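# coordinates for the following, if possible.
(one chain, ligands or ions: 1)
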Amino acid sequence: LDERGPGRIVLQVLMPTTLSEACKLLADDSSVVPIAGGTDIMVHWPSKLNEQERTYLDLTGLPELNGIEWAEHELLLGATTTYWQTISDRQVATEFPLLVDAARQVGAVQIQSRGTWGGNIANASPAADGVPVLMAYDASVELVSDGDLSELIPLSAFYTGYKSMRLSPGQLIHRIRIPRRSYDLQFFEKVGARRAQAITKVGLAVTRHGAQWRIVVNSAAATIKRCPSIERLLDSKSIIASPGDLLPTIRQDLSPIDDIRSTGSYRLHTLSRVLYYTLRDHCDWIR
Ligand SMILES: Cc1cc2nc3c(=O)[nH]c(=O)nc-3n(C[C@H](O)[C@H](O)[C@H](O)COP(=O)(O)OP(=O)(O)OC[C@H]3O[C@@H](n4cnc5c(N)ncnc54)[C@H](O)[C@@H]3O)c2cc1C
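Numbers count the residues shown, from 1 in each chain. Model prediction:
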């Protein structure tokens, strides 16, 4: 829009065509806001229009940021790869089925076609559905900034508090690196108010690679979290005879709050039940 008027704002959108150009634009002005699918950024537009009068950096024209690449030992998932691209990729479904399970749980087809994995990470919502499965697969986030400096951070160490993360002004998420491993157990569960189109009340991603457990929970703390106490309990193979046996350990890792979508108590008890009834079919010490 080139003229202000009632209910109108002036936006500037930068449209780089290479990653180095994008990094340079961001280095020149770190107040510029990267935008990929826009499905998180634009949610607030009708109600907080004045706050949106910014310069945006459109990432969708950058080929370096998009796509699924298979290296010998890892999957390289470009930051602007959409959920739909993941759902459509047979090899992803075979090697990393939880990526497809989570992608199918994000909004409906329209959001799955625009929303990106990098946007899900950088939006830093504790309820994000893409992040838990990436964390359960030990993904790392590759950041890039002007001058081709790149930084690799394990996703489990990326968030430092509610909506805060190790992403500095001037940095972009380039891609997500996921080690290729064989898993003998993997599942993802999203509990919401309904089966689809719901914001997560509590969610859980679990993987087991050999003796190595990863338990990741969303919507139960200020950030999405790996749960080391639960992982140790499962590793110890201590007898677990009911969902209640899991509660003391879950409380060591998580202290969920009451909010508009649920209560802390509901989140804890639901988590204990989902964990217990899912793992009981796979672990003979869970009875
Ligand atoms: C109707 C609806 C339903 C939804 N349902 C779900 C759901 O079920 N589960 C769920 O998890 N989410 C849901 N979302 C939220 C959203 O779709 C996802 O979080 C999506 O992955 C965001 O990606 P995006 O590309 O649209 O991000 P954008 O909105 O473009 O960006 C989000 C944030 O990330 C930053 N960013 C984006 N890309 C990069 C990058 N490469 N480097 C650095 N910063 C970057 C932006 O600056 C912004 O701060 C829903 C949204 C809507 C509107």
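# and residue 158, what is it in contact with?
121, 141, 165, 166, 167 (C-beta atoms under 8 Å, 6 or more residues apart in numbering). Just so you know, the C-beta spots here come from the backbone N, C-alpha and C atoms, and that holds for glycine as well.
# from these, which is closest to the ligand?
Set against the ligand, the nearest of the contacts of residue 158 by C-beta to the nearest ligand atom is residue 167 (6.2 Å).
# does the closest one really touch residue 122, like I thought?
Yes - with contact defined as C-beta atoms under 8 Å, residue 167 counts as touching residue 122 (6.2 Å).
# what do those two both touch?
Common neighbours of residue 167 and residue 122, using C-beta under 8 Å, 6+ apart, are residue 173.
# by mean pLDDT, which helix or strand of this protein comes out lowest?
When each helix and strand of the chain is scored by mean pLDDT, DSSP states H and E, strand 149-154 comes last, with a mean of 92.
# all helices of the stretch 51-200 of the chain, in order?
Taking DSSP state H, counting those that start in this stretch, the helices of the stretch 51-200 of the chain run over residues 83-87, 90-95, 97-105, 109-114, 117-123, 130-136.
# out of those, which one sits most buried?
helix 130-136 (a mean of 28; mean count of other C-beta atoms under 10 Å).
# residues in this protein within reach of the ligand, list them.
Within reach of the ligand by C-beta under 6 Å from any ligand atom, the chain has these residues: 33-41, 43, 59, 79, 105-107, 111, 114-116, 118-120, 122-123, 128-130, 172-173.
# OK, now which residue of the protein is nearest to the ligand?
Proximity of the chain to the ligand (C-beta to the nearest ligand atom) peaks at residue 119, 2.2 Å away.
# what sits against that residue?
Here residue 119 is in contact with 36, 37, 39, 40, 79, 80 (criterion: C-beta under 8 Å, 6+ apart).
# what's the closest of these to residue 202?
Ranked by distance to residue 202 (C-beta to C-beta), the contacts of residue 119 are led by residue 40 at 20.4 Å.
# buried set for stretch 27-44?
32, 34, 35, 36, 37, 38, 39, 40, 41 (16 or more other C-beta atoms under 10 Å).
# quick revisit: what sits up against the least confident helix or strand of the chain?
Contacts for strand 149-154 (C-beta under 8 Å, 6+ apart): 138, 139, 140, 141, 142, 143, 144, 166, 171, 174, 177.
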